[in-house]
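**Student:** the following block contains a protein sequence and its predicted model.
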Amino acid sequence: MRFYRPKLEKMTDVVITLRIMPESPDTDLKAIEEKAKIFIAEYGGEVGKVEIQPVAFGIKSLNLIFVSNEDIGSTDKLEQNVASIEGVNSVEVTDVRRAVG
């Protein structure tokens, strides 16, 4: 007699975009980037791309695009950690997509 075993679906990777807004135009984005990368690594992610985009009045956002495993779950704790970095005004996840391939 054979028993039916359902095939467990493997969780996949997701690509997450984290948008970090500095407190002022004079804020050192490179320093924020380095500290944020440490928090992302602790979260289980790996930064693949860094973008700096103009917003308004000389302020630029720092966008960190990284890959993480879907089963890690919520990014709330990561966002809180990054928001605690000196010079950071706000942090938000602007995009989450399943990695293809």
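**Tutor:** Nice, I can see it.

**Student:** what distance do you get for the most centrally placed residue in the chain to residue 57?
**Tutor:** With distances taken as C-alpha atoms, centre = their mean, the residue of the chain nearest its centroid is residue 18 (4.0 Å). Noted for residue 18: a distance of 22 Å to residue 57, by C-beta to C-beta, to the nearest Å. C-betas here are computed from N, CA, C, even on glycine.

**Student:** shaky segments in the protein?
**Tutor:** Along the chain, the model assigns pLDDT under 70 to residues 1-11, 101.

**Student:** and the residue nearest to the centre of the chain, helix, strand or coil?
**Tutor:** Secondary structure state of residue 18, per DSSP: H, G, I helix; E, B strand; the rest coil, is strand.

**Student:** so who does residue 42 touch?
**Tutor:** Neighbour list for residue 42: residue 81 [criterion: C-beta atoms under 8 Å, 6 or more residues apart in numbering].

**Student:** can I take it that it is in a helix?
**Tutor:** Yes - per three-state DSSP, residue 42 lies within a helix segment.

**Student:** how about the helices in the chain?
**Tutor:** For the chain, applying DSSP state H gives helices covering 29-43, 76-83.

**Student:** how about the ones you listed in TSV, adding distance to residue 61?
**Tutor:** What follows is these, written out as TSV (distance: least, C-beta to C-beta, whole Å):
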stretch	distance to residue 61
helix 29-43	9
helix 76-83	13
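
**Student:** of these, give the one that comes closest to residue 68.
**Tutor:** For the helices of the chain, the distance to residue 68 is smallest for helix 29-43, at 6.7 Å, taking C-beta to C-beta.

**Student:** specify the angle between that closest one and helix 76-83 in degrees.
**Tutor:** Per axes from the mean of the first three to the mean of the last three C-alpha atoms, to 10 degrees, the angle that helix 29-43 makes with helix 76-83 is 150 degrees.
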